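1. here you go, sequence then predicted model.
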Amino acid sequence: MRILIVEDDVLSSRCLEILAKEFLNERIQSIHTVSDPGSAAEFIRKNPLDLLFLDINLQGKTGFKLLEIESRSFFQTIIVSSERDNAVKAFEFSVLDFLPKPITRERFGISIQRYLSSHPNIFSPKGIPLKKEEGINLIEPENIVFARSERNYARLFTKDGNVEKVRKTLDQLQKDLEAHGFFRAHRSYLVRLEEVKKILFKTPTTYRLLLHSDHSIPVSRSQGSKLLSLFKNSNHKVLGLP
């Protein structure tokens, strides 16, 4: 993949670059960053491109002009902006996604998953490899209820009641599973939010997750507000008391 980041804010530009390398790593052939529309247009004219991260407000100029160039049909565009009013106009240009600022890992992962889904020729494993005596099995993310850390390994708890040990840290699993609706509830737990039945209040500021499998997952204090924000923006989740 050949990626261009057009962003005049140094911190946002660096954030996009770090996350792109984290989520796409070996898929990336090149990643280039510019801060103004003129340099971006020149780069696009001279270089092949697969994915463009484009901020709309660039040193007082609009980034939408870049979407009018003829070669844009050869690459996908993800708009990056803190002004949500730009979202409607962005989709008039048939962009792939609108990534709001401040940029979060969870939302960035969704954007990347949309890109990968729109490019089936880019190989992306559909499951977590699990080495067995007879060979290697792939556990599909939709079959995983939650994962628990065990130092340099992790235990995967599946819908069919199995518990599998994989040679991956929880940080590595988070990169693989975040785009599939998993949330890092605690430093030792990664949980699929679709499996949550209730949020149980231990105190006004501490919570546990009760899953449909009847497992109870702790939520760290640092993740509590983020968790509630995710559920408040959902139409089908239930906030419950113990």
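-> Yep, that arrived. Numbering: from 1, shown residues only.

2. sketch out the low-pLDDT regions of the chain for me.
-> 69-73, 86-87, 120-126, 131-135, 232-242 (pLDDT under 70).

3. just the helices from it, written as ranges.
-> Applying DSSP state H to the chain gives helices spanning 10-24, 37-46, 86-92, 105-117, 170-177, 221-232.

4. may I have the shortest one exported as PDB, CA atoms only?
-> By that I understand helix 86-92. Extracted C-alpha coordinates of helix 86-92, given in PDB (Å, rounded to 0.1, in the frame of the first residue of the first chain):
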ATOM      1  CA  ASN A  86     -17.700  18.700   6.400                       C
ATOM      2  CA  ALA A  87     -18.900  15.100   6.500                       C
ATOM      3  CA  VAL A  88     -21.900  15.700   4.200                       C
ATOM      4  CA  LYS A  89     -19.800  17.500   1.600                       C
ATOM      5  CA  ALA A  90     -17.100  14.900   1.900                       C
ATOM      6  CA  PHE A  91     -19.400  12.100   0.800                       C
ATOM      7  CA  GLU A  92     -20.600  14.100  -2.200                       C
END
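
5. and stretch 94-109, end to end?
-> Distance between the two ends of stretch 94-109: 20 Å, counting by CA to CA, to the nearest Å.

6. contact partners for the residue nearest the centre of the chain?
-> The centroid of the chain falls nearest to Gly109 when counting by CA atoms, centre = their mean (1.3 Å). Residues counted as contacts of Gly109 (CB atoms under 8 Å, 6 or more residues apart in numbering) are Phe23, Glu178, Ala179. Bear in mind the C-beta positions are built from the backbone N, C-alpha and C, glycine included.

7. ok, which of the helices of the chain comes nearest Tyr207?
-> helix 221-232 (5.7 Å; CB to CB).

8. what sits up against that closest one?
-> Contacts for helix 221-232 (CB under 8 Å, 6+ apart): 106, 183-186, 193, 199, 205-207, 219, 237, 239.

9. over to stretch 157-172?
-> 128-131, 139, 143-156, 173, 176, 184, 187-190, 213, 215.

10. go ahead and confirm Phe98 touches Glu83.
-> No: with contact defined as CB atoms under 8 Å, Phe98 does not reach Glu83; the gap is 10.3 Å.

11. before we move on, the earlier item: may I see the helices of the chain organised as a markdown table, with distance to Thr77 added?
-> Formatted as a markdown table, the helices of the chain follow (distance: least, CB to CB, whole Å):
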| stretch | distance to Thr77 |
| --- | --- |
| helix 10-24 | 13 |
| helix 37-46 | 11 |
| helix 86-92 | 8 |
| helix 105-117 | 10 |
| helix 170-177 | 24 |
| helix 221-232 | 26 |
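
12. so for Leu52, which of those sits nearest?
-> It is, among the helices of the chain and with distance given as CB to CB, helix 37-46, at 7.8 Å.

13. next, the buried residues of the closest one.
-> Judged by neighbour count (16 or more other CB atoms under 10 Å), helix 37-46 contains these buried residues: Pro37, Ala40, Ala41, Phe43, Ile44.

14. correct me, but the third one touches Leu67?
-> Translated: Ala41. No: Ala41 lies out of contact with Leu67 (CB under 8 Å); the separation is 10.8 Å.
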